[in-house]
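J.: my questions are about this predicted structure, shown below with the sequence.
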Amino acid sequence: MKSFFSQMSFFLSGGSALPKRKGKAPGKRRGHRYRDADLEELARGFVGSIAPELSEKISVGWNSRMRTTAGVAIAVRCEIWLNPALKTISEKEVTQTLLHELAHLVAQHRHGRRRLSPHGVEWRQACRDLGIPDEKRTHQLPFEGRRMRRGYLLRCPACGESHDRVRPPRRQVACLACCRRHHGGRYHESFRLEILKNPLNGSGS
């Protein structure tokens, strides 16, 4: 049986299918995540002309634990993970989500370790370069999600801005707006977010 993406040449690929890499073994499942060789080849084809160094580092796959999120890009590891439920919608939606996440990787690759606004001007420029100039920040997709208690608040000690989270962050994080306003976009301890229990969700445990 042909893979789900073996015929995906009609959408933003110039009218011709991208060849499979010789000797490339199919992605293996590792727990809830598994890589997809066809998707990785597709991603490299999109990125190769605008960020060739990045194209060889990209890995793409599926994450079965995703519920309401269509995809996620992890710039520090050049990884993209997609929600398997996308395959029940359309191939076009899979490709669109892949391009959306690729734009995050391209934007961060171009600007190094500088902190970027997730859907700021750098991301929008990357979208234009990838051929999706009108891409939206989020996609409204018919996913059924779990309702999870957001037991933590992250609050900036400088501006007071707060965000609720299901889990506390695993590393130190600072207020992006304050870091950009006062410290050139670089992390500064003065704007490190305070981790508080969310009063709307009890103890958050």
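T.: Ah, there it is.
J.: run through the helices of this structure in chain order.
T.: 37-47, 52-55, 91-111, 121-129, 176-182 (DSSP state H).
J.: per-domain residue ranges of the protein.
T.: Recorded structural domains for the chain (assignment: automatic domain parsing) are 1-145, 152-201.
J.: residue ranges of the strands in the protein, please?
T.: Listed in chain order, the strands found in the chain under DSSP state E are 29-30, 33-35, 59-63, 71-74, 79-82, 152-155, 162-165, 194-197.
J.: let's have these in CSV, adding mean neighbour count, mean pLDDT and distance to Q96.
T.: All C-beta atoms are positioned from the backbone trio N, CA, C, and that covers glycine. Rendered in CSV, the data for the strands of the chain read as follows (neighbours: other CB atoms under 10 Å; pLDDT from 0 to 100; distance: least, CB to CB, whole Å):
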stretch, mean neighbour count, mean pLDDT, distance to Q96
strand 29-30, 10, 58, 25
strand 33-35, 16, 94, 20
strand 59-63, 20, 97, 14
strand 71-74, 19, 94, 10
strand 79-82, 22, 97, 11
strand 152-155, 18, 84, 30
strand 162-165, 14, 78, 27
strand 194-197, 13, 83, 35
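J.: R110 is nearest to which of the ones you listed?
T.: In this view, those are compared for proximity to R110 by CB to CB, and strand 71-74 is the closest at 13.8 Å.
J.: what lies in contact with that closest one?
T.: Here strand 71-74 makes contact (CB atoms under 8 Å, 6 or more residues apart in numbering) with 63, 66, 79-83, 86, 97-98, 100-102, 104-105.
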